[in-house]
Each structure stands twice: as structure tokens, then as C-alpha cells.
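Novice: 3D model of this:
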Amino acid sequence: ALAYAARARLHAIQAESAEALSRIATAEELVARHGTERERSHVGVLSLAINGKAARALDCALAHADRWPRDILILSLPLGAFGLFAFSGMADHDQARVDLC
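Specialist: Numbering: from 1, shown residues only. Just a heads-up that it's a prediction; the model follows:
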């Protein structure tokens, strides 16, 4: 499931939305059947981001990072220059990135 989710992220970055949606759907199916709590959370965060639910993705990414702080793929979502913090509408998004780190 995590490999499909990572592939979905790659497709999303490359603006290949149909492929991204297909891969994240497969990841969701697999993780629902066989995933651990961390894997379900990981795929869930990426699914929200890929499906255009940025505000919810940011909330879930931060909760995920609190629980599993070494999950670099999930941490990359809010921290990137074009990430969830940057496009959140927060006036202090630069400070939020520093605080998360």
C-alpha cells in the first residue's frame, strides 16, 4: 500500500491526476485489508492531499507527525516550499514550518 501511495504522490507532483487517483485508490484498498495503524494514517494523509482536501490533509499530516515523527514522506507535505503550510492561508506559515521541525 505504501508503495502505491508513494507512486500516487509522484504522479500528483507531475500533474498526472488520473494516475495519481488510480494509485491512491489502490493504496486505500490494500491498506484497508492489511495495513497497520501507521500505514492507514500514512495512506489517508496522502489520499486527502491527492484528492484536493488540503486543509484536512494538513491537520492529519500534523497529527500523523506527532505520532510517527520519522515518516519523512508525510513530513514533506507541510514542509515543502509549495507544501500544505505554504498554501494554507496562514499568515505565519514560515514560522509553522520552523516549529514543526
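Novice: in this structure, what spans have low per-residue confidence?
Specialist: Applying pLDDT under 70 to the chain flags the ranges 81-82, 85-91, 93, 96, 98.
Novice: Skipping adjacent residues, who's closest to the residue nearest the centre of it in space?
Specialist: The chain has residue 46 as the residue nearest its centroid, 3.3 Å off, counting by CA atoms, centre = their mean. Once flanking residues are discounted, residue 46 sits nearest to residue 5: 4.7 Å by CB to CB, 6 or more residues apart in numbering. Any C-beta I mention is one placed from the backbone N, CA and C, and that applies to glycine too.
Novice: cool, residue 39 as well?
Specialist: Using CB to CB, 6+ apart, the closest residue to residue 39 is residue 31 (5.2 Å).
Novice: Would you pull up how far the host helix or strand of the one you found lies from the middle of the chain?
Specialist: Using DSSP states H and E, residue 31 falls within helix 17-34. Distance, stretch centre to chain centre, for helix 17-34: 13 Å (CA atoms, centre = their mean, to the nearest Å).
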